[in-house]
Every structure is written in structure tokens, then in C-alpha cells.
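# Next one to model:
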Amino acid sequence: MNTSKRYSPEVRERAVRMVLDNAGECDSQWAAIRSISEKPGCDRETLRRWVRQAETDADPREGQTSETRDRIKKLERENRELKRANEILRKASARPTLRAGARPRRSSTADESDRAVH
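Presented below is the predicted three-dimensional model:
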């Protein structure tokens, strides 16, 4: 059973803003996270990850921004779809088919009149 909670973007942004604003008043950022995590009722680790992602998005930390991560996911999905399509095309082209404009072979029992040019 999935017991994860979903928080609205507004709740996330407010909690992160509170941590960043109150970090100077507390002994450490972790102390601010501990005290503020109780207000929206989220786990301390969840709030810590939100803060880290917000810092990464704001660029004081190294790492992928949310925008970059979403773009990579989209490109990976598109890449998988293209690979599937290429595999289907490869399998379809492996079947023996007639080349464009080629005539089918005639049987040896074909009548001579069938070979006449019209």
C-alpha cells in the first residue's frame, strides 16, 4: 500500500521559504528543517530534499535543475519510443519483399503468349 503524501506546490514553496528565511535564526539549517517540518506535517527528510532541490534550482549548489531533469526524462522517453519504432521497421524490412518496380517471377509453365510485349 502506498502511504506517500502529496503536497501542493504552494505548501512546498512556503515550507522551503520558511526554512531558508529562518536558517539564520537557528543553529543550523537542519535545526530549521526540524522545527518547520512539523507545521505542514511532512517528514524532515522530505523537507530537506525540497530545500536541496530549491537550492539547486536557484543554482548555489551543483546538480541538475528540475527543468533539466524533466527535459532529460522527456528525451529518454522519446529515445525509447524511437528505438521501438526502429526495431519494428528493422523486422519489417527483414521480410522478403519485392523491390519497387520489380516483377514477380513467372513460373516455367507460363504460356509464351504471356511474354509478348504489348
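
# can we go C-alpha only for contacts and neighbour counts from here?
Noted.

# Number of residues surrounding the closest residue to residue 26 other than its chain neighbours?
The shortest distance from residue 26 to any non-neighbouring residue, by CA to CA, 6 or more residues apart in numbering, is to residue 32 (5.8 Å). Counted by other CA atoms under 10 Å, the residues lying close to residue 32 total 21.

# for residue 17, same thing?
14.

# heads up, I number from 39, so please use that
Okay, residue one is now 39; in that scheme the one you just asked about reads as residue 55.

# Go ahead and list the helix or strand containing it.
Using DSSP states H and E, the element containing residue 55 is helix 47-60.

# Would you check how far apart the spatially most central residue of the chain and residue 117 are?
Using CA atoms, centre = their mean, the residue of the chain that lies closest to the mean C-alpha position is residue 111, 2.1 Å off. Look at residue 111 and residue 117: by CA to CA, to the nearest Å, they are 10 Å apart.

# Determine the longest helix present in the chain.
helix 104-132 (DSSP state H).
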